[in-house]
Each structure stands twice: as C-alpha cells, then as structure tokens.
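Student: got a sequence here, can you model it:
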Amino acid sequence: MAPIAAEPLAGRLAVVTGATRGIGLAVSRRLVEAGARPALVARSAEQVRRLAAELGAGAAPGDVSSPRAGAEVGGR
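Tutor: Next up, the predicted model:
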C-alpha cells in the first residue's frame with residue numbers, strides 16, 4: 001500500500017464497524033496509521049477489546065445489525 005502523508009487524520013474520530021476482521025480490520029489499522037482515533041465496533045467483545053488495546057483505539061462491542069444497535073453501541 002502507498003504510504004500515508006504525515007497523519008492527515010490527526011485528531012479525527014472514526015467509527016469502524018466489523019473492525020476485527022477483513023476490510024474493517026484493514027481500515028482500522030490504516031486509520032490509526034493516518035492519525036485518527038477510531039472507535040472499533042464488532043460483535044465479539046473479547047476480540048474488539050483486544051484489538052483496541054493493540055491499536056490504542058476505543059472499543060464498542062455490539063451488533064449494529066440489531067434494532068437495538070444504538071443502545072448497544074452508543075451507550076459505551
């Protein structure tokens with residue numbers, strides 16, 4: 001991948017759903033490289049907390065496909 005300019009997203013907050021796998025994981029890592037402060041959302045509480053600790057990000061376990069997603073994720 002091409003290098004990212006000197007933290008173009010410094011201080012910005014980003015919410016990443018599906019953060020522990022696939023595209024969500026790749027996006028989470030790139031956002032941290034770019035200086036953003038991602039809030040990682042995933043169904044597996046253990047995995048999302050572990051990844052958040054590794055990346056220095058926030059963790060919000062929850063299922064955004066659920067009708068109660070706002071209460072599950074937003075209440076954190």
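Student: wait, what's in contact with the most centrally placed residue in the chain?
Tutor: For the chain, the residue sitting closest to the mean C-alpha position, by Cα atoms, centre = their mean, is Leu40 at 2.4 Å. Leu40 makes contact with 16, 19-20, 28, 48, 51-52, 55, 57-60, according to Cβ atoms under 8 Å, 6 or more residues apart in numbering. (Each C-beta comes from the backbone N, C-alpha and C, glycine too.)
Student: list the neighbouring strands of the host helix or strand of it plus their orientation.
Tutor: Using DSSP states H and E, Leu40 sits within strand 37-42. In the sheet containing strand 37-42, its partner strands are strand 13-17 (parallel), strand 58-61 (parallel), by DSSP bridges.
Student: deepest of these, which one?
Tutor: Of all these, strand 58-61 has the most neighbours on average by mean count of other Cβ atoms under 10 Å, namely a mean of 20.
Student: which residues sit against that one?
Tutor: Here strand 58-61 has contacts from 37-45, 48-49, 51-53, 72-73, 76, using Cβ under 8 Å, 6+ apart.
Student: run the last query once more with 7 Å
Tutor: Identification of contacts with strand 58-61 by Cβ atoms under 7 Å, 6 or more residues apart in numbering yields 39-42, 45, 48-49, 52, 73, 76.
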